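K.L.:
Provided below for reference: sequence and predicted model.
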Amino acid sequence: MKNGLVALNAILVVAVAVLFYLHFSSSPKEKATVKAASTTETGTVKSDFRIAYIDVDSLQKNCKMFKDIDAELSRKEESANSEIQRLEKALRDRYTYYQSNQQMTQVQSEQASAELQQMKANMDNKARRMQQDYQDYKVRRMKEVRDMIDGFLKDYNKDKRFSYIMAYEPNIFYYRDTLYDITRDVVQALNSKYNQKK
C-alpha cells in the first residue's frame, strides 16, 4: 500500500513537470491560436472589460413610475387592511352579541358557533385572496418596470461599450467607480417614456 502511494506521487510529479515544460515552451504559433480563441464573435479582441451599473435606490427614488407604483400599492394595501378590519369588527360584534345572549338553547348555541366559524373562515379566505391579488398586481407592475429598463438598456448599449450592466445595491458590492454609473441616463429615459405613456 505504501509503495503504491509513493509510485502514484512520483507519477503525479512527472505529469506536473511535463505540463509545466509544455506550457512555457509553446511556440509563437500556438500562442496565436490561444489569442484567437479569446476573441469576440465579431473576430476582434476586446481590449477592455467594462461593467456599468444602475443604483437601485436612486432609481426608485427618482423614477416617476416607481413613485406612482408605490402610491398604487399603498392604496391597495390600505384598502385591503380596511376591509379586513371591517370583517374582523363584524366577527367581534357578532361574537359579543352571542355572548350577551344568555338565554340560548343548546341548538341555538351550536348554530351560533357554526355561524362564527363560517364568518372566520370567510374572513380568512378573503384575506388570502386579497393578499394574493396584491402580490400578483405588484409582480405585474414590477415586470412592467423591468421590461422598460431592459428595452432602454438594449438600445443604450447598442455600441456594446459595456460587457455587463448590473443593478447596484448597498452591501453587495464594496467598491464602484462612479464613471460607470448610468443611473441618471436610465432615470431620464424612463421618466420620459412614462410621461409619454401617461
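P.N.:
Alright, I've got the coordinates.

K.L.:
any weak-confidence spans in this structure?
P.N.:
Residues of the chain meeting the criterion pLDDT under 70: 1-47.

K.L.:
show me the strands in it, by range?
P.N.:
Counting by DSSP state E, the chain has strands at residues 51-55, 164-168.

K.L.:
so which of those is the most packed in?
P.N.:
strand 51-55 (a mean of 19; mean count of other CB atoms under 10 Å). Every C-beta, even on glycine, is put in place using the N, C-alpha and C of the backbone.

K.L.:
tell me how far that one lies from the chain's centre.
P.N.:
Relative to its chain's centre, strand 51-55 lies at 16 Å (CA atoms, centre = their mean, to the nearest Å).

K.L.:
so can I have a markdown table of the strands of the chain showing distance to Glu144?
P.N.:
What follows is the strands of the chain, written out as a markdown table (distance: least, CB to CB, whole Å):
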| stretch | distance to Glu144 |
| --- | --- |
| strand 51-55 | 17 |
| strand 164-168 | 17 |
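
K.L.:
which among these is found nearest to Lys197?
P.N.:
Lys197 sits nearest to strand 51-55 of all the strands of the chain, at 20.2 Å, using CB to CB.

K.L.:
not counting that closest one itself, show me its contacts.
P.N.:
149, 157, 162-168, 173, 176, 180-183, 186 (CB atoms under 8 Å, 6 or more residues apart in numbering).

K.L.:
in contact with Ala167, which residues?
P.N.:
So Ala167 contacts Tyr53, Ile54, Val56 (CB under 8 Å, 6+ apart).

K.L.:
okay, among the contacts of strand 51-55, which ones form the most distant pair?
P.N.:
Across the contacts of strand 51-55, the longest distance by CB to CB is 19.7 Å; it joins Asn157 and Phe173.

K.L.:
the two: which is more packed in?
P.N.:
Asn157 (15 against 11; other CB atoms under 10 Å).

K.L.:
so what's that one up against?
P.N.:
Contacts of Asn157 by CB under 8 Å, 6+ apart are Ala52, Ile165.

K.L.:
how much space between it and Lys89?
P.N.:
54 Å (CB to CB, to the nearest Å).

K.L.:
what is the top helix by length along the chain packed up against?
P.N.:
As assigned by DSSP state H, the longest helix anywhere in the chain is helix 106-156. If contacts are counted by 3 or more CB pairs under 8 Å, 6 or more residues apart in numbering; DSSP states H and E, helix 106-156 sits against helix 64-100, helix 183-197.

K.L.:
related to what we said a few turns ago, out of the contacts of Ala167, who's nearest Lys67?
P.N.:
Nearest to Lys67 among those, with distances taken as CB to CB, is Val56, at 14.4 Å.

K.L.:
I figured that closest one hits Met166, correct?
P.N.:
No: applying CB atoms under 8 Å, one finds Val56 not in contact with Met166, separated by 9.9 Å.

K.L.:
correct me, but Met104 touches Ser113?
P.N.:
No: with contacts counted by CB under 8 Å, Met104 stays clear of Ser113, the gap being 10.2 Å.

K.L.:
which among the contacts of strand 51-55 gets closest to Cys63?
P.N.:
Val186 (8.1 Å).
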